[in-house]
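Asks: everything below, folded, please.
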Amino acid sequence: MRVLVTGGAGFIGSHTCDALLARGHHVVVLDALTPPVHRGGPPPYLSPEVELHHGDVRDRDLVTTLVRRADAVFHFAAYQDYLPEFSRFVDVNVGSTALLYEVIVAERLDLARVVVASSQAAMGEGLYRCPKDGDQLPTMRPEEALAAGRWDVPCPRCGGPLQMLATPEKVANPQSPYGMSKLWEETLALQLGRRYHVPTVALRYSIVQGPRQSVRNAYSGACRIFCLHYRLGSAPTVYEDGRSVRDYVHIEDVVGANLVAFEDERAVGRVLNVGGGRPFTTAELAETVRRQYRSDRPPRVTGEYRFGDTRHILSDIGQMRALGWEPKRHPADAVAEYAAWLEQLDGVAGILEKASARMRELGVVRSVA
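Replies: Have a look, this model is predicted:
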């Protein structure tokens, strides 16, 4: 089968390309190779077996040419960051998806599958339970609470404490521009897929970790940030109080989920969570990285926070488990593999300082008053 992978030179895309090649497929990659993630052309880890096209997923003529020749599409190309570039999130993430389906419909193409990369960010703060008022979907935490160091999310009805729950796919409550764009992208893909009989799957990835994750993205990747700090001999800063909860999923488990979405007919027409299956605090991840580097310098809690961050989020992965998929790897595995990969890279000095300065300049990272 001829499979087009947009964003195929990236982190998730390149690993998925490897798996498709191993299954005997012909893989075509469309990637803009955009800085800061890419520098100086295709990354060395991209398989020479792929047919690489350097270009933009918003280029109608190029997309038309490549999709016409494809039997299936993985749509990974996206703008992912935490910077206040709102129009770019919509233009790249939503616009490219709309164009993809426009071409499919205009050309009357009969594709075996379109798999669209969505994100846990589409669920926002996630699902909670109040002992008094039942299940709740809180909105974003107000700036005055964060500036005062009040991190936990209160019940929006009674103001009391909330218990975090695993969040299922039916929840869509994004609070970041990236999360909003991913919700719009998956909604557009699934609804157009149903209307025009294009077998479509949207996968909501939790925080994906492992080798090949860019060292130069200012925002993404707690594992990346912590590993860079310890490799360069400094202790990382843990935002808020270090007790924010996430679920981390290994890149190889994500690739396994991608293949399920690609090959299992039961996945068609659905949004599916792809997560690690267990809650992990930021402090626990930082401690995992510290042990990997055998450092005696614990992470620092300074009262800094990222404006607009969710406090807790844990994906309910029951639907993927029902399809026979299960996350098999622990966050410590991803940390060890990323640290080993990072050792092979040169020119990493100064990355953290530059990214940190830019995020403070734009008001993304702030401090308790």
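
Asks: contacting residues for Gly303?
Replies: Neighbour list for Gly303: Gly149, Glu240, Ser367, Val368 [criterion: CB atoms under 8 Å, 6 or more residues apart in numbering]. From N, CA and C alone the C-beta is placed, and that goes for glycine too.

Asks: just name the shakiest helix or strand of this structure by mean pLDDT.
Replies: Ranked by mean pLDDT, DSSP states H and E, the helix or strand of the chain with the weakest confidence is helix 351-361, at a mean of 84.

Asks: could you say what helices and strands that one packs with?
Replies: Identification of packing neighbours for helix 351-361 by 3 or more CB pairs under 8 Å, 6 or more residues apart in numbering; DSSP states H and E yields helix 222-231.

Asks: tell me the mean pLDDT for the helix it packs on?
Replies: For helix 222-231, mean pLDDT rounds to 94.

Asks: on that earlier part again, closest to Arg212 among the contacts of Gly303?
Replies: Relative to Arg212, the closest of those is Glu240; by CB to CB it sits at 28.2 Å.

Asks: Thr302 is in contact with that closest one, correct?
Replies: No: using CB atoms under 8 Å, Glu240 is not in contact with Thr302, being 9.9 Å away.

Asks: neighbour count for the two, which is higher?
Replies: Glu240 (21 against 12; other CB atoms under 10 Å).

Asks: list the contacts for the more buried one?
Replies: Shown in contact with Glu240 (CB under 8 Å, 6+ apart): Trp151, Thr282, Gly303, Tyr305, Asp309, Arg311.

Asks: any chance of a markdown table for the residues you listed, columns secondary structure, pLDDT and distance to Ala22?
Replies: Shown next, in a markdown table, are the contacts of Glu240 (DSSP: H, G, I helix; E, B strand; the rest coil; pLDDT from 0 to 100; distance: CB to CB, whole Å):
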| residue | secondary structure | pLDDT | distance to Ala22 |
| --- | --- | --- | --- |
| Trp151 | coil | 97 | 44 |
| Thr282 | helix | 96 | 34 |
| Gly303 | coil | 92 | 47 |
| Tyr305 | strand | 95 | 42 |
| Asp309 | coil | 91 | 37 |
| Arg311 | coil | 97 | 39 |
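
Asks: name the nearest of those residues relative to Asp61.
Replies: Nearest to Asp61, judged by CB to CB, of the contacts of Glu240 is Asp309 at 39.2 Å.

Asks: list the contacts for the closest one?
Replies: Here Asp309 is in contact with Tyr239, Glu240, Ser244 (CB under 8 Å, 6+ apart).

Asks: and for Asn273?
Replies: Gln120, Thr167, Pro168, Glu169, Arg204, Ser206, Ser315, Asp316, Ile317, Gln319, Met320.

Asks: just those: which are in helices?
Replies: Gln319, Met320 (DSSP state H).

Asks: which of the contacts of Glu240 sits closest to Leu62?
Replies: Relative to Leu62, and with distances defined as CB to CB, the nearest of these is Asp309, at 35.8 Å.

Asks: the closest one and Glu125: what is the separation?
Replies: Applying CB to CB, to the nearest Å, the value for Asp309 to Glu125 is 10 Å.

Asks: likewise for Val115?
Replies: Going from Val115 to Glu125 by CB to CB gives 27 Å.

Asks: then Met140?
Replies: Remark: distance between Met140 and Glu125 (CB to CB) = 7 Å.

Asks: between these two, which is the more surrounded one?
Replies: Glu125 (24 against 18).

Asks: wait, doesn't the more buried one sit right on Gln136?
Replies: No: counting by CB under 8 Å, Gln136 is not a contact partner of Glu125; they are 9.4 Å apart.

Asks: report the longest helix in the protein, please.
Replies: helix 177-195.

Asks: so which elements touch that one?
Replies: Contact here means 3+ CB pairs under 8 Å, 6+ apart; on that basis helix 177-195 packs against helix 86-89, helix 95-106, strand 113-119, strand 200-205.

Asks: which residues touch the nearest residue to Ser315 once chain neighbours are set aside?
Replies: The spatial neighbour of Ser315 that comes closest, neighbours along the chain excluded (CB to CB, 6 or more residues apart in numbering), is Gly275 at 3.5 Å. Listed by CB under 8 Å, 6+ apart, the contact partners of Gly275 are Gln120, Tyr205, Ser206, Asp247, Val249, Leu314, Ser315, Ile317, Pro327.

Asks: ok, the contacts of Asn273 vs Gln191, which is closest?
Replies: So of those, ranked by how close each gets to Gln191 (CB to CB), first place is Glu169, at 15.0 Å.

Asks: list the contacts for the closest one?
Replies: With contact taken as CB under 8 Å, 6+ apart, Glu169 is in contact with Arg204, Arg270, Val271, Leu272, Asn273, Asp316, Gln319.

Asks: now Gln209
Replies: By CB under 8 Å, 6+ apart, the contact list for Gln209 reads Gly221, Cys223, Tyr248, Val249, His250, Ile251, Pro331, Ala334, Val335, Tyr338.
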